[in-house]
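Colleague: Predicted model, plus sequence, below.
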Amino acid sequence: MSFSFNFDVQLTTKGQQGGESQSQTGKQDYAVKPVPSNNTTTPAETVKAAVEHHPPADPHFLLNDAVSETVTIGTLPPLHFLNESVFERTASERDDDERILSRTAAQSSDLISGVYEGGLKVWECTYDLLELLEREGETFGGKMVLDLGCGAGLLGLLALKSGASQVHFQDYNSTVIEQLTLPNALLNCQVEGEEEEVKGKKRGLQEEDDETIIEEDKMKKDEEKKNEQKKEGEDGSPSPKRQALDLTQHSKLTCCRFFSGDWTTFLALVLKEDLFPKYDIIFTSETIYNTAYYSALHDTLHRLLAPRGVVYLATKAHYFGVGGGLHLFEQFIEDKGVFDMEKLWDVDQGLQRHVVAMHFKTTNKS
C-alpha cells in the first residue's frame, strides 16, 4: 500500500545512474508501515543478539552497480540512498543470513514481528521528521547522535553530513545494516568525497592569476582523466582517482558505528563499554507501533540519552491492527515519569502523524 505525502517545501528525487531527475512540490508516494503479518503484540520468544558491524576493508563492492536516488528537502544537504525498487528486484543476489529478504517476498509482507521489523523501507514519518528538522533549524555540530531503528539511515545521515561528531546507527536486522544502512553511508561519503575533490580543483583554478597557466593546467588534467578512463576500461581496475578515495578512511565514515539486534541486547552491548555513549540527539521513527516493545525502547532512551539531550520521535497517531500509537506511548511515558513529551508538529494529511520531542524531566536528569 502506498501513501501520497505532501511537502510544503521543495522535494527532489533523482536517480544517480542514468535516471531522469524528478522534481516535485507536493506529491510523492512513500511506504506506509503495515500491520505485522501475525497480528501479535507480544515480543518474540527469542531476542536477537546485538552485533556491531564494521565497514569492509574494500567497501566499493557494496556499491557495484548500485542504483541510488537522492532526497532533498529545503536547505538540508542532499541524502543519497539505494533505490528501493531496484533493491527488491536484486534481493535474491544479496547476502541474507537472516533470510528476511526471501521471507518478506514469500509472505508479501513488509513487517514480520520478531523476524523483520520493516527496516528495508523508508516510511513516511521519516520524511516528516526531516522536514521538521529543516523548518526548525536543528544543528548537529559536535553532537553525539543515535539513529535508533534506523533502516536506510536517512536521519543519521543528515546529522553526519551536518557536522555531528559521532553518529551511531541501530536496526533490528543485520541484513538491513549490512545491505542497506552501511552502503547508504558509504554512498554519501563517496559522493561527498567526489564533490569535495571537484571543489578543491575549482578553488585551485581560481587562485591562479595567469590565464595561460590555468588553461595549460586544465588541458593537462583533461589528458590525465582520459588516460585514467582508458586504463580503467582496458584492465577493469579502478582508476588512480578512484583508488585515492579510500572510503574506509573517509573522515565522516570514521565517525560512524553500526549495530544490529533488539533494543535490550543493543543497550547491554553498549553499556559494556567503559565510556559508553550518551547521545545529545536520538532519532527514532515509526518504532512505537507495537506496545510490547515500549519497555525496551524506554529503557534504551533512559540509559543512553545525555542529561540535556533530546529524543525526536516521528509516529502515526495509531497503528491499526497492532494497537500501538502516540496516545498509548504518551500514557506509557507519563506513567514512567522520566520524560516530558512535547508535540512539535501534527501532520493532518492522510493518516494522522506526529513529530514529538522528549526531554528528561527537570527533576530527573540521570
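Modeller: Everything's here; your move.

Colleague: quick one, helices of this protein?
Modeller: Listed in chain order, the helices of the chain (DSSP state H) span 84-89, 100-107, 124-136, 154-161, 174-176, 182-207, 211-235, 240-244, 263-271, 294-304, 326-336.

Colleague: Lowest average pLDDT across those helices?
Modeller: With a mean of 40, helix 240-244 has the lowest mean pLDDT of the helices of the chain.

Colleague: need the longest strand for the protein.
Modeller: If you go by DSSP state E, the chain has its longest strand at strand 305-316.

Colleague: So for it, what gets flagged as buried?
Modeller: Residues of strand 305-316 classed as buried: 305-306, 309-316 (neighbour count, 16 or more other CB atoms under 10 Å). In short, each C-beta sits where N, CA and C put it, glycine included.

Colleague: How about residues contacting it?
Modeller: For strand 305-316, the external contacting residues (CB atoms under 8 Å, 6 or more residues apart in numbering) are 33, 125-126, 128-129, 132-133, 144, 155, 278-289, 301, 325-326, 329, 339, 351-360, 365-366.

Colleague: Of those residues, which qualify as buried by neighbour count?
Modeller: Among these, those classed as buried by neighbour count (16+ other CB under 10 Å) are 33, 125-126, 128-129, 132-133, 144, 155, 279-289, 301, 325-326, 329, 339, 351, 353-360.

Colleague: Okay, the residue nearest the centre of the chain and residue 81: tell me how far apart.
Modeller: The centroid of the chain falls nearest to residue 153 when counting by CA atoms, centre = their mean (0.9 Å). Going from residue 153 to residue 81 by CB to CB, to the nearest Å gives 8 Å.

Colleague: so what's residue 317 up against?
Modeller: Neighbour list for residue 317: 325-327, 351-354 [criterion: CB under 8 Å, 6+ apart].

Colleague: go on, residue 159?
Modeller: Residue 159 makes contact with 140, 143, 145, 147, 167, 281, 283, according to CB under 8 Å, 6+ apart.

Colleague: Now distance to residue 106 too, for those residues, in TSV please.
Modeller: Listed next are the contacts of residue 159 as TSV, based on distance: CB to CB, whole Å:
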residue	distance to residue 106
140	40
143	42
145	36
147	29
167	34
281	38
283	31
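
Colleague: ok, residues contacting stretch 323-341?
Modeller: Counting by CB under 8 Å, 6+ apart, 41, 288-291, 294, 298, 301-302, 311, 313, 315-319, 354, 356-361, 364 sit against stretch 323-341.

Colleague: swap in stretch 92-104?
Modeller: Applying CB under 8 Å, 6+ apart, the contact partners of stretch 92-104 are 91, 110, 112, 115-116, 120, 173-176, 178-179.

Colleague: sorry, back to before: quick one: least confident of the contacts of residue 317?
Modeller: Of all the contacts of residue 317, residue 351 has the smallest pLDDT value, namely 80.

Colleague: Roughly how far does the residue lying closest to that residue once chain neighbours are set aside sit from residue 127?
Modeller: Among residues not flanking residue 351 along the chain, residue 316 sits closest, at 5.5 Å (CB to CB, 6 or more residues apart in numbering). Computed as CB to CB, the residue 316 to residue 127 distance reads 13 Å.

Colleague: now do residue 47
Modeller: In this view, residue 47 and residue 127 are 30 Å apart by CB to CB.

Colleague: Specify which residue of these two has the higher count of neighbours.
Modeller: Taking other CB atoms under 10 Å, residue 47 and residue 127 do not tie; residue 127 has more neighbours (22 against 15).

Colleague: Hmm, the more buried one is touching residue 74, no?
Modeller: No - in this structure, residue 127 is not within contact of residue 74 by CB atoms under 8 Å, at 11.7 Å.

Colleague: okay, now residue 97: neighbour count?
Modeller: Residue 97 has 8 neighbouring residues, counting by other CB under 10 Å.

Colleague: So for it, what's the pLDDT?
Modeller: On the pLDDT scale, residue 97 gets 88.
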